[in-house]
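Visitor: generate a structure from the sequence data that follows.
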Amino acid sequence: MSPRISPKKTWEGAAASLIASFAIGGSLFYYGSQVSTKFLQWGLIQRRDGMFGLERPPLLPILLLTAALNIAAQLGDLVESLIKRGAGVKDSGAILPGHGGMLDRIDALLFAAPLLWIWAAWRVTQ
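Guide: I've put the predicted structure just below:
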């Protein structure tokens, strides 16, 4: 995918990750109503809470959000690898031995979390 930045990342792996994201996003879409019903029964949410208020959004925007979040997560991982390559280090810390450090654990969130926050803020203002 990008041998100079992260030699072990492949386009096949990126495609598999995207397919898995679609499967999980589709499952959450399909079962969201049942989960929402249980949350409402348990008093954890209220009916006004958007999709969790038993309002089912169209499937296409959910799948587009799923794809965008997956791509953002993969970009976060590549950017973190680029930072490590630029610094000349293999791991970003030693707190988690064999895991590349704490930054490796959250690198996907670097781009995906702000994107999800922007989408959620936009959805609430609709």
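
Visitor: give the helix, strand or coil label for residue 46.
Guide: coil (DSSP: H, G, I helix; E, B strand; the rest coil).

Visitor: tell me the confidence at it?
Guide: With respect to pLDDT, residue 46 scores 77.

Visitor: does residue 65 sit in a helix, a strand or a coil?
Guide: On the basis of three-state DSSP, residue 65 is classed as helix.

Visitor: now the most centrally placed residue in the chain. Nearest residue, chain neighbours left out?
Guide: Nearest residue to the geometric centre of the chain (CA atoms, centre = their mean): residue 69, 4.7 Å. Excluding the flanking residues, the one nearest residue 69 by CB to CB, 6 or more residues apart in numbering is residue 112, at 5.0 Å. The way it works is simple: take the backbone N, C-alpha and C, and place the C-beta from them, glycine included.

Visitor: what comes up buried for the helix or strand of the chain with the lowest mean pLDDT?
Guide: Across the helices and strands of the chain, mean confidence by mean pLDDT, DSSP states H and E is lowest for helix 102-106: a mean of 75. Neighbour counts over helix 102-106 (16 or more other CB atoms under 10 Å) mark residue 104 as buried.

Visitor: which neighbouring elements make contact with it?
Guide: helix 59-87 (3 or more CB pairs under 8 Å, 6 or more residues apart in numbering; DSSP states H and E).

Visitor: give me the buried positions along stretch 111-126.
Guide: Residues of stretch 111-126 classed as buried by neighbour count (16+ other CB under 10 Å): 111-112, 115.

Visitor: ditto for stretch 16-25
Guide: Neighbour counts over stretch 16-25 (16+ other CB under 10 Å) mark 17, 21, 25 as buried.

Visitor: secondary structure element holding residue 30?
Guide: Residue 30 belongs to helix 11-42 when assigned by DSSP states H and E.
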